[in-house]
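>>> my questions concern the predicted model and sequence given below.
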Amino acid sequence: MAPKPKDKPKPSPSSSQPPPAIEDLFTSLSKHIQRSDFEQAAKVADQVLSIAPGDEDAIRCKVVALIKDDRIEDALSMIQSSQKVPFDFGFFKAYCLYRQNKLDEALESLKRQEGNSATMLLESQILYRLGKMDACMDIYQKLQKSKIDSIEINSVAGLVASGRASEVQRMLDTLRVKATSSFELAYNTACSLIERGMYTDAEQLLLSARRIGQETLLEDNLPDDEIEIELAPIAVQLAYVQQLLGRTHEAIQAYTDTIKRDVSDESSLAVAVNNLIALKGSKDVSDSLKKLDRLKEKDLQNFHLARGLDLKLSPKQREAIYANRVLLLLHANKLDQARELVAALPDMFADSVRPILLQAAVLVRENKAGKAEEVLGQFVEKFPDKSKVVLLARAQVAAAAGHPHIAAESLAKIHDIQHMPATVATLVALKERAGDIDGAAAVLDSAIKWWSNAMTEDNKLSVIMQEAASFKVRHGHEEDAAQLYEELVKSHGNIEALVGLVTTMAHVDVNKAEAYEKQLTPLPGLKGIDVDSLERTSGAKYVEGASHVGVSEALDEGKSKAKAKKKRKRKPRYPKGFDPANPGPPPDPERWLPKRERSSYRPKRKDKRAAQVRGSQGAVTREKHEAGGAGSSSNVSNSKANQAGASKGAAEQSKPPSKSSRKKSRN
């Protein structure tokens, strides 16, 4: 902002040295602003104000210089101290409050401003950050008529954030702008393709955005590190598309590279960390927690995102990071930290249902399923318009905890999915488990009535009626089941329903069952069957090619095959050189027993010479005593050997059976 020249003020009589000319100061101020040296510009503005206090241009230049130098707090202080100046600093105040993320105060400050393009653009940015996308897009629609540079970039971003990605291409056609006219517009358009599920096209457009960005930024003579910062969002978004396309390994590698490079783009780094943690899941939880710790405010002991990230990330992105933090703490069994973090989330994300779901998850992890059901039920009563997801979660918790009546009650409150086949099947199963058979039947009857009146192409009436008839047969209501089967046969001509009708009607009205039985397609070969003889058989047997052969022929063929399967007698095979006429002596009956169990077994005698000599050295015993001692010792050794052999045999017989023998004994 170039200041206008000022008249030379009268010199102060008290100054010993004449002050610099105010024209020179404004010339210096203009040079500093043009060089983007905002720190020196603020100092020169202070010199001007020391000579001419309350100068409107000097105050405005200093406020802008402080904002450009990211000294937002000093800029606000300067604005507060300049309230007596006739110039209205409301726009600058709103911008400072926006930079401090005081969005409601910033919006209030803008209300008193004139509705020019600059004010409208700032208001749209505030609404975008507040998540009020519809109001934001209304302003962008008005600004499209104004000649604002790159307004289409913000417009595409607003459409994507408001869930109107399908309108992006139509808007670009209206503005006659190509998606590849700038790398920012290509990036935002690729985001719209991702929202529409066109992942391959989005990947190609992101690659084009990266190439265009590199060429553009190199022409602007930006250094390599700044180019990397500018293109970091494109790299992370490319990894996200690879993740969606199922190329998980490539996505993990791209996220890891972004984290290792430690780019100064905090928002891209945070998204890369969060997505990598989501891909890894419950694997390596401690490493994932360490990666998340890089995103927290360093001065705080508890987990809270750094201030810069709070300002740059969208509410959905911040909420995803906090939710992943809670889930990781649950996986790591750090329940105290998880409980503490969950307690702070409702204040951070007042409009979201995720905090209450995370609170229920912590309670379930603490084996307090009943408390979780109670907390979720209280939330449903307090916020009925946000109850769908919470009721589904309550039903799941109750079903897992063995409370089918609470689960069924929760599902029954979700009216828009009440008659869908999956919901009906779940409700019937829950009520059956709870013993409420009448309630389960009422669910089926209500679903049949609803689908009977539904005017949709994909009508599920036949499916519901088939399951309802099967349910009624299972619980002894054959008449109601027969009526349902009969309606199905008349309306849809369902062969399965006809079979069910004949089977069920046989218990209710035999004559009617026989009448419907005639509508069944007759099987080939059934005319020559003797029912009495068939009942005396052991049952039907599988015969290959039975579809082309009559039943009687199949039975005859089965009998002939059974006769053919009789084993023919074969001559016994003898060992080579064996004469069956002169077999010789019979084989030893103990030939298969171990040697130690045979009657001819004799254990080896111990070597007496190995025994130690007792008594004093050189002692000589008498011959008679020696002979007597030897005889007795041999008897003792024989008896001990016999005892040892017997004990070994007993031990061998008392061994526990092997694996195969144990299996046989159980059989």
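Alright, I've got the coordinates.
>>> use CA for all of it now, contacts and neighbours both
Fine.
>>> residue ranges in the stretch 1-150 of the chain under the pLDDT threshold?
1-20 (pLDDT under 70).
>>> show me where it has its helices.
22-34, 38-51, 56-68, 72-81, 90-99, 103-110, 117-130, 133-143 (DSSP state H, counting those that start in this stretch).
>>> the third one vs helix 72-81, what angle?
What that stands for is helix 56-68. If you take axes from the mean of the first three to the mean of the last three C-alpha atoms, to 10 degrees, helix 56-68 sits at 160 degrees to helix 72-81.
>>> can you tell me what sits against helix 56-68?
For helix 56-68, contacts defined as C-alpha atoms under 8 Å, 6 or more residues apart in numbering pick out 1, 3-4, 33, 38-39, 41-42, 45-46, 48-49, 72, 74-75, 78-79, 82, 85-87, 92, 96.
>>> can you give me the angle it makes with helix 90-99?
10 degrees.
>>> and helix 56-68, which residues are buried?
Asp57, Ala58, Ile59, Arg60, Cys61, Lys62, Val63, Val64, Ala65, Leu66, Ile67, Lys68 (16 or more other C-alpha atoms under 10 Å).
>>> could you dump it to PDB, C-alpha only?
Extracted C-alpha coordinates of helix 56-68, given in PDB (Å, rounded to 0.1, in the frame of the first residue of the first chain):
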ATOM      1  CA  GLU A  56      -4.100   8.000   9.400                       C
ATOM      2  CA  ASP A  57      -1.800   6.700   6.600                       C
ATOM      3  CA  ALA A  58       1.000   5.900   9.000                       C
ATOM      4  CA  ILE A  59      -1.300   4.000  11.300                       C
ATOM      5  CA  ARG A  60      -2.800   2.100   8.300                       C
ATOM      6  CA  CYS A  61       0.700   1.300   6.900                       C
ATOM      7  CA  LYS A  62       1.900   0.000  10.300                       C
ATOM      8  CA  VAL A  63      -1.200  -2.200  10.800                       C
ATOM      9  CA  VAL A  64      -0.800  -3.700   7.300                       C
ATOM     10  CA  ALA A  65       3.000  -4.200   7.900                       C
ATOM     11  CA  LEU A  66       2.300  -6.000  11.200                       C
ATOM     12  CA  ILE A  67      -0.200  -8.300   9.600                       C
ATOM     13  CA  LYS A  68       2.100  -9.100   6.700                       C
END
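>>> got the buried residues of helix 56-68 as CSV, with distance to Asn101 columns?
Conversion of these to CSV gives the following (distance: C-alpha to C-alpha, whole Å):
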residue, distance to Asn101
Asp57, 27
Ala58, 27
Ile59, 24
Arg60, 22
Cys61, 23
Lys62, 22
Val63, 18
Val64, 18
Ala65, 20
Leu66, 17
Ile67, 14
Lys68, 17
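>>> what comes up buried for the strand or helix carrying Val380?
Following DSSP states H and E, one finds Val380 within helix 369-382. Neighbour counts using 16+ other C-alpha under 10 Å place Ala369, Ala372, Glu373, Val375, Leu376, Gly377, Phe379, Val380 of helix 369-382 among the buried residues.
>>> chain center to the helix or strand following it: distance?
Sequence-wise, the next helix or strand downstream of helix 369-382 (DSSP H and E) is helix 387-400. How far helix 387-400 lies from its chain's middle: 17 Å, per C-alpha atoms, centre = their mean, to the nearest Å.
>>> in helix 387-400, what counts as buried?
Using 16+ other C-alpha under 10 Å as the burial criterion, the residues of helix 387-400 that qualify are Ser387, Lys388, Val390, Leu391, Leu392, Ala393, Arg394, Ala395, Gln396, Val397, Ala398, Ala399.
>>> so what's the second one up against?
If you count contacts by C-alpha under 8 Å, 6+ apart, Lys388 has them with Ile414.
>>> tell me how far it lies from His403.
19 Å (C-alpha to C-alpha, to the nearest Å).
>>> equivalent analysis for the fifth one, please.
According to C-alpha to C-alpha, Leu392 stands 14 Å off from His403.
>>> can you redo the helices of the stretch 1-150 of the chain as a markdown table with distance to Ile495?
As requested, the helices of the stretch 1-150 of the chain are arranged in a markdown table below (distance: least, C-alpha to C-alpha, whole Å):
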| stretch | distance to Ile495 |
| --- | --- |
| helix 22-34 | 85 |
| helix 38-51 | 84 |
| helix 56-68 | 78 |
| helix 72-81 | 77 |
| helix 90-99 | 69 |
| helix 103-110 | 66 |
| helix 117-130 | 58 |
| helix 133-143 | 53 |
